[in-house]
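1. Fold the following and give me the result.
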Amino acid sequence: METKKIGKCLTFRVGREEYGVEILKVREIVGLQEITAVPMTTSHIRGVINLRGKIIPVVDLRHKFKLPPGSQDRETCIVIVMVEGPQGESLVGLLVDAVNEVFVLGETPLEPIPQLGDGKALDFVLGLARLRGRVVILLEADRVVAAEELEGLEELKKAASQVVGSKEARQD
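-> Now for the predicted structure:
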C-alpha cells in the first residue's frame, strides 16, 4: 500500500461511483450551463463554457469512464480544476452528476488500483481510499485530460472563442 500525503479532497459522484480530486486543484464549482460543442475534439470533451469571459473546456466524465449517459438534474454540475500540462496551467471543467463533500485524506493509505487490462487506461487514477465504509476513487486531476489533449487546449480555446463570439453576435 502506498502512503501519500494528499490532504483535503473534494468528492463527487459519476454514475454510481464516488470519485475525488485534491482540493488544491479545485478552483470552483458551477451549476450546469450551456456547453458549446466544438467540432473535431476528442469524444469525451463535451465542448466549452464561457465562465466570466474565460473559455473553459468541459470533460464529460461519464463518457470518459465509458458509462451510459445519465439524466442531468439540479445536482449536475461542473467542477473547475486547474491542471498542469505541457504549456503550463489550464482550467478544465469536469462534468459530474453531483458534488458530495470535502474530506481530509491525510496519511491514509491508498489502496492501489488492481491491474486490470491496459494499465495506461487508468493512469489518471491515484488509488482507492476508504471513507466511512465507502470506497472513493482518487483521480489525478493533471491526468484526467491526457497530455496530448492538453496541448490542443489553446487551439480549442481559440476556436471556441470564435464560436462563442459569433453566437453572441447573432443574439445581438
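2. Tell me which residues are up against stretch 68-88.
-> 10, 12, 15, 21, 25-33, 49, 51, 56, 58, 62-63, 89-99, 141-142, 144-145, 147, 150-151, 153-154 (C-beta atoms under 8 Å, 6 or more residues apart in numbering). Yep, even glycine has a C-beta here, placed from its N, CA and C like the rest.
3. Give me the distance between the two termini of that stretch.
-> In stretch 68-88, first residue to last residue: 33 Å (C-alpha to C-alpha, to the nearest Å).
4. three-state assignment of V83?
-> Classification of V83 by DSSP: H, G, I helix; E, B strand; the rest coil places it in strand.
5. Give me the nearest residue to G20, chain neighbours excluded.
-> C9 (4.0 Å; C-beta to C-beta, 6 or more residues apart in numbering).
6. tell me the contacts of the one you found?
-> G20, V21, E22, I23, V102, F103, V104, L105, A129, V136, L138.
7. Roughly how far does it sit from L131?
-> Distance, C9 to L131, by C-beta to C-beta, to the nearest Å: 9 Å.
8. Spell out which residues are contacts of both of these two.
-> Shared contacts of C9 and L131 (C-beta under 8 Å, 6+ apart): F103.
9. Pull out the buried residues from the strand or helix carrying the residue nearest to G20.
-> Using DSSP states H and E, C9 sits within strand 8-14. Of all the residues in strand 8-14, those buried under the rule 16 or more other C-beta atoms under 10 Å are C9, L10, T11, F12, R13, V14.
10. Show me where this protein has its helices.
-> Secondary structure of the chain by DSSP state H: the helices cover 61-64, 141-144, 147-151, 153-171.
11. Below-threshold pLDDT in this structure: ranges please.
-> Across the chain, the ranges flagged by pLDDT under 70 are 1-6, 106-109, 115-121, 147-172.
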